[in-house]
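> Sequence and predicted structure are below.
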Amino acid sequence: MTTTDTTGADTGTGTAAHAPTGSATAAAVDPAIAPAALALGDDALVLAQRLGEWAGSAPVLEEEVALANIALDLLGQARVLLSLVGDEDELAFLREERAFRNLQLVEQPNGDFAHTIARQLYFSTYQRLLYAALAASDGPLAGLAAKAVKEVAYHQDHAEHWTLRLGDGTDESRRRMQTTCDALWRYTGEPFQPLDGLGVDTAALEPAWLDSVTDVLTRAGLTVPTGPRTGAWAAGAGRQGLHTEPFGRMLAEMQHLHRSHPGATW
């Protein structure tokens, strides 16, 4: 699949339209990268599931298509990454909640449209910086990252466009956008914590992320949140398998069909 924006321009490489190709099997991959592949795969899988929940409910038809395209891009990334660790279906549908290593940011409920856009802005800005760094490296994830960064550039552009539109729109749209930017700010520190097997200094990406997000929010007429960007609990967060309450409900829905019909083929 090739994603398009609302003008019809070609915006992505379309990894989601087909099964993973060009990636090594789990047995052939250095097990040292497994923690990173699992975490990044879970990020993409969980956010794809969240965005898919907008099907039939987006505010306008164009956005229904756009959000579905972003979800499919992320699903394609997840399939490649999870296939580096093991069987992608088993990893997606048979793990328990504590075995998932996704960021708490991506598991947050969609809320209203402003909430979805703020979540996407925060995550896609981070993901684009990360994949650009991975693509520039000579590590085993460089090939995937080089493809995915083109898709993620569209995801970030889409989120920035809507942040500007909502922030500079009506009083109500500005209020909703500011409220959700503030609410999600607490989850934006976790992406920059060290991740085993990644081969990239995530902490070094944080200043560029903060500069980019600050620029977008400022241009949108919004106030950059000032609260803490990580939780106070020393035990960790999503990368350690500790998730927020909504994640369990989302996971139950995502896994229901597979668990109800074990071993079924289609």
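Right, received. Where do you want to start? None of the values given here were measured: they were computed from a predicted structure.
> and stretch 138-145, how far from the chain's centre?
18 Å (C-alpha atoms, centre = their mean, to the nearest Å).
> Excluding chain neighbours, what is closest to Asp112?
The shortest distance from Asp112 to any non-neighbouring residue, by C-beta to C-beta, 6 or more residues apart in numbering, is to Arg176 (6.1 Å). C-beta coordinates here come from the backbone N, C-alpha and C atoms, glycine included.
> Output the below-cut-off pLDDT ranges for the stretch 1-150 of the chain.
Scanning the stretch 1-150 of the chain for pLDDT under 70 picks out 1-29.
> rewinding a little: who are the packing partners of the helix or strand harbouring the residue nearest to Asp112?
Secondary structure assigned from DSSP states H and E places Arg176 in helix 171-184. Counting contacts by 3 or more C-beta pairs under 8 Å, 6 or more residues apart in numbering; DSSP states H and E, helix 171-184 is packed against helix 113-135, helix 142-167.
> what comes up buried for the longest one?
So that's helix 142-167. Of the residues in helix 142-167, 144-145, 147-156, 158-164, 166-167 count as buried by neighbour count, 16 or more other C-beta atoms under 10 Å.
> ok, how many other residues are close to Ala264?
8 (other C-beta atoms under 10 Å).
> where does it land in three-state SS?
Judged by DSSP: H, G, I helix; E, B strand; the rest coil, the three-state class of Ala264 is coil.
> quick one: pLDDT of it?
Ala264 carries a pLDDT value of 76.
> ditto for Leu251
88.
> Can you name the residues that contact it?
By C-beta atoms under 8 Å, 6 or more residues apart in numbering, the contact set of Leu251 is Glu97, Phe100.
> let's go with 7 Å and repeat that
Glu97 (C-beta atoms under 7 Å, 6 or more residues apart in numbering).
> what separates it from Leu103, distance-wise?
15 Å (C-beta to C-beta, to the nearest Å).
> Equivalent analysis for Ser57, please.
For Ser57 relative to Leu103 (C-beta to C-beta), the value is 24 Å.
> Same drill for those two, tell me which one is more crowded.
A side-by-side neighbour count of Ser57 and Leu103, using other C-beta under 10 Å, places Leu103 first with 25 against 11.
> Now Glu206: closest residue in space that isn't a chain neighbour?
Phe192 (4.3 Å).
> one step back: Thr244 is nearest to which of the helices and strands packed on helix 171-184?
Thr244 lies closest, by C-beta to C-beta, to one member of the helices and strands packed on helix 171-184: helix 113-135, at 12.7 Å.
> Surely Gln255 is within a helix?
Yes - counting by three-state DSSP, Gln255 falls inside a helix.
> List the contacts of the residue nearest to Glu206.
Going by C-beta under 7 Å, 6+ apart, the list of residues near Phe192 reads Thr202, Ala203, Leu205, Glu206.
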